[in-house]
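Engineer: got a structure for you, letters missing:
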């Protein structure tokens, strides 16, 4: 009897070992796609080790779409580093990069414990911040506490970088730069267009964008002739637009989010308020904007962090006298398709995630060290280009100062990139057609 | 001079928007008047109307004006279904139960709509020209929204006062038990009133798209729910045409006060317009606590 029991226990033990073994095998490729090509093995003197970049990713919750995109972007960059670039060379060692990630459920509390887990339990020294300003702000003090570097690829708020954190750096353009590129462009194409009207949603993000835009406009010789906000759940903008019309501006910058951006355009059209150029936050960057508004959307501009079609590449970098690091856009698109397994085009979140990984890789090689403090120091002096644009931080705050927002414009039913010149694939259409001309079917097409 | 021109233009737009607000509130008021149920999910039905107009226009090129009867029929059917599946059981239930039930229905509709239409902000472009009237520039679609609202409110008024069913509904609003004693089939009046209330609300969603054809989204409802509550209270809860008049006034005050507030230096007038509209509500309720056209 006893022998039977022993046999059963031993049998169960073996079975459980087998099951856990299989489960581990299954889990492994999910965490990081196994590279198809191995790193060059012709240099046996260099030891290949694995380095982990840690990331809390919003795979569920309200940022799940953005989170998934950023993860794919990071994995594309890691794959490029491992397979194409041949790993990171630090001293006599070669490191492969793996992204170690956990689902943060788009939740602040979970993000904080994830950062702690990555820093303490997993011993990760380089962290890719979570998506959104709110989550990045929650993560920053924990990263700072454990002295691990944290790279923000989805937190645009300037506020994060005004808290005196040393180990927190930024890859994407801060909110304060969202509308300044458009003003630069206007200055270049029409130095006589001086009268700026600002009309924007009364939220924290829009206020940050437009306070900075106002300062920038005034410092650059523009005259802000109208500067008013509208409440967030507004259904009729006509009172404020009637007042704006009387101010007789040359250009309009404004907006806030999806719904009000559409409404603003619609009612500018209804009231026939004609100006030479219009830039609206968020809404026009989405294809649904053109679907909803049709030809009314012609010529409308919007700032965007990145778009498929930007012309950042080795040549553009050479022109600016800096290094180009990472996959070209074409390589990125191919790798992205491979890793995401879908035909969906990468959004700017993916490019941001990739750029954050690439900036770590570039800085680690420059520093020739895996010590976060030394890498952070090296970051102060680097300036290079990726498919996402230029990467350079303010040494004091860690805020991104090299990257420029691209400006898109709807031209003949397609989104064209018109600014900055290093990224543009079309010339700006200026001045835009009047609403009456658009009614008759005129497009903002060269 | 410019200020007075702006004022005229704003009041004009306010009147147009107010009429749409009015129709969007009549259903809420009717349902409360007859069934004593506050429909917390009110906005979700407006959203359904907006998507009806959107779908009819983009899929079948049906102009929004023609979507009005379609939305009404759709709303009536939906109203009967919801009445017999849920509301019927809750007529004499405690208030909290009906609040929770209508809240749940609202969420359910939103999530189903999200499944069907996704969570993007959509819209359509139906241009039929613009009217230039002195200082006022207004697209004909907005004028149509006003015209349709006025006609619908008028028809409803005639129906309530001249037809037998309308009179029966008014009788139930005034005195439920009295109506029952007089031989009115109160159960039937409940189901018909609820269906008409929902039908009107879905229909008003089409009017909303005539006024603003963009920004259509499955979560657009709650903004309208809040306004509808205020307007319903202002007009006197349970009085559908009181709601229409109140909506009209609310629109005038919301838009008209902008120009006057804009004259105060250093003030963000837009944020204050709603404040003024609510102060106005408070004053009316102080003078007449039952609302503008509410009973005693």
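Structural biologist: Cool, got the structure. As the structure is a computational prediction, the values presented were derived from the model and not from experiment.
Engineer: C-alpha from now on. contacts and neighbour counts both.
Structural biologist: OK.
Engineer: now do the SS call for residue A:50.
Structural biologist: The three-state label given to residue A:50 by DSSP: H, G, I helix; E, B strand; the rest coil is strand.
Engineer: distance check, it against residue A:353.
Structural biologist: Per CA to CA, to the nearest Å, residue A:50 is found 20 Å from residue A:353.
Engineer: for the stretch 1-150 of chain B, which residues are neighbours of chain A?
Structural biologist: By CA under 8 Å from any CA of the partner chain, the residues of the stretch 1-150 of chain B that approach chain A are B:2, B:6, B:9-10, B:13, B:17, B:120-125, B:130, B:137-139.
Engineer: just these: which are in strands?
Structural biologist: Using DSSP state E, the subset of the residues of the stretch 1-150 of chain B next to chain A located in strands is B:130, B:137-139.
Engineer: can I get the buried part of the residues you listed as one PyMOL selection?
Structural biologist: Typed into PyMOL, the line below selects the buried ones among those, using 16 or more other CA atoms under 10 Å in any protein chain shown:
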select buried, chain B and resi 130+137+138+139
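Engineer: and residue 205, what is it in contact with?
Structural biologist: Going with chain A. A:157, A:175, A:256 (CA atoms under 8 Å, 6 or more residues apart in numbering or on different chains).
Engineer: my bad, the chain I had in mind was chain B
Structural biologist: Contacts of residue B:205 (CA under 8 Å, 6+ apart): B:24, B:45-51, B:53.
Engineer: I'd like to know which of these are buried.
Structural biologist: Among these, those classed as buried by 16+ other CA under 10 Å are B:24, B:45-51, B:53.
Engineer: TSV for the residues you listed, including pLDDT and distance to residue B:116?
Structural biologist: Below are the buried ones among the contacts of residue B:205 laid out as TSV (pLDDT from 0 to 100; distance: CA to CA, whole Å):
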residue	pLDDT	distance to residue B:116
B:24	94	23
B:45	97	15
B:46	97	16
B:47	96	13
B:48	97	11
B:49	97	14
B:50	97	14
B:51	97	10
B:53	97	15
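Engineer: quick one: which of these sit in strands?
Structural biologist: Using DSSP E, none of the buried ones among the contacts of residue B:205 sit in strands.
Engineer: inside helices: which ones of those residues?
Structural biologist: B:24, B:45-51, B:53 (DSSP state H).
Engineer: pLDDT wise, what is the residue of the stretch 51-200 of chain B found nearest chain A at?
Structural biologist: The nearest approach of the stretch 51-200 of chain B to chain A comes at residue B:123, 4.0 Å away (CA to the nearest CA). The score at residue B:123 is 93. That number is its pLDDT.
Engineer: do the same with residue B:4
Structural biologist: Residue B:4 is assigned a predicted lDDT (pLDDT) of 84.
Engineer: could you do the one 5 residues further on as well?
Structural biologist: At residue B:9, the model reports a pLDDT of 89.
Engineer: and the pLDDT at residue 22?
Structural biologist: I went with chain A, as the question did not name one. At residue A:22, the model reports a pLDDT of 43.
Engineer: sorry, I should have been clearer: chain B.
Structural biologist: In this prediction, residue B:22 carries a pLDDT score of 94.
Engineer: how close does it get to residue B:251?
Structural biologist: Applying CA to CA, the value for residue B:22 to residue B:251 is 9 Å.
Engineer: re the thing from before, could you dump the contacts of residue B:205 to JSON lines with distance to residue A:233?
Structural biologist: Shown next, in JSON lines, are the contacts of residue B:205 (distance: CA to CA, whole Å):
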{"residue": "B:24", "distance to residue A:233": "17"}
{"residue": "B:45", "distance to residue A:233": "18"}
{"residue": "B:46", "distance to residue A:233": "15"}
{"residue": "B:47", "distance to residue A:233": "15"}
{"residue": "B:48", "distance to residue A:233": "18"}
{"residue": "B:49", "distance to residue A:233": "19"}
{"residue": "B:50", "distance to residue A:233": "17"}
{"residue": "B:51", "distance to residue A:233": "19"}
{"residue": "B:53", "distance to residue A:233": "21"}
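Engineer: closest to residue A:166 out of those residues?
Structural biologist: residue B:47 (47.8 Å; CA to CA).
Engineer: where do the strands sit along the stretch 1-150 of chain A?
Structural biologist: Listed in chain order, the strands of the stretch 1-150 of chain A (DSSP state E, counting those that start in this stretch) span A:47-57, A:88-90, A:93-103, A:126-128, A:149-152.
Engineer: of all those strands, which one is nearest residue A:213?
Structural biologist: For residue A:213, the closest of the strands of the stretch 1-150 of chain A is strand A:149-152, at 22.3 Å, according to CA to CA.
Engineer: pairing partners for the helix or strand that that closest one is followed by, with directions?
Structural biologist: Sequence-wise, the next helix or strand downstream of strand A:149-152 (DSSP states H and E) is strand A:168-170. Counting by DSSP bridges, the strands paired with strand A:168-170 are strand A:149-152 (parallel).
Engineer: show me what the partner strand is in contact with.
Structural biologist: Residues outside strand A:149-152 that contact it (CA under 8 Å, 6+ apart): A:125-130, A:136, A:140, A:143, A:167-172, A:356, A:372-373, A:376.
Engineer: for that strand, what is the average pLDDT?
Structural biologist: For strand A:149-152, the mean per-residue pLDDT is 96.
Engineer: report the distance from it to the chain centre.
Structural biologist: 13 Å (CA atoms, centre = their mean, to the nearest Å).
Engineer: over to stretch B:255-271?
Structural biologist: Averaging C-alpha positions (CA atoms, centre = their mean) puts stretch B:255-271 26 Å from its chain's average.
Engineer: report how many residues lie close to residue A:204.
Structural biologist: 10 (other CA atoms under 10 Å in any protein chain shown).
Engineer: what helices and strands are in contact with the helix-or-strand element of chain B with minimal mean pLDDT?
Structural biologist: Within chain B, no helix or strand scores below helix B:269-287, which has a mean of 83 by mean pLDDT, DSSP states H and E. Applying 3 or more CA pairs under 8 Å, 6 or more residues apart in numbering or on different chains; DSSP states H and E, we find helix B:269-287 packed against strand A:223-230, helix B:221-235, helix B:240-262.
Engineer: so that helix versus helix B:240-262, what angle?
Structural biologist: Counting by axes from the mean of the first three to the mean of the last three CA atoms, to 10 degrees, helix B:269-287 lies at 130 degrees to helix B:240-262.
Engineer: contacting residues around helix B:269-287?
Structural biologist: Helix B:269-287 is touched from outside by A:229-231, A:240, B:230, B:234, B:250, B:253-255, B:257-259, B:261-262, B:291-292, with contacts defined as CA under 8 Å, 6+ apart.
Engineer: just to revisit the earlier point, wait, the residue of the stretch 51-200 of chain B closest to chain A touches residue B:214, no?
Structural biologist: Yes: with contact defined as CA atoms under 8 Å, residue B:123 reaches residue B:214; the gap is 4.0 Å.
Engineer: between those two, which contacts overlap?
Structural biologist: A:292-293.
Engineer: burial measure for residue A:342, as a count.
Structural biologist: Residue A:342: 10 surrounding residues under other CA under 10 Å.
Engineer: typo on my end, residue B:279
Structural biologist: 12.
Engineer: same question, residue A:427
Structural biologist: Neighbours of residue A:427 (other CA under 10 Å): 15.
Engineer: compare neighbour counts for residue A:50 and residue A:353 and give me the winner.
Structural biologist: A side-by-side neighbour count of residue A:50 and residue A:353, using other CA under 10 Å, places residue A:353 first with 31 against 13.
Engineer: tell me which element the more buried one is part of?
Structural biologist: With DSSP H and E as the criterion, the answer for residue A:353 is helix A:348-367.
Engineer: confidence score at the residue nearest to the spatial centre of chain A?
Structural biologist: Using CA atoms, centre = their mean, the residue of chain A that lies closest to the mean C-alpha position is residue A:352, 3.5 Å off. With respect to pLDDT, residue A:352 has a value of 95.
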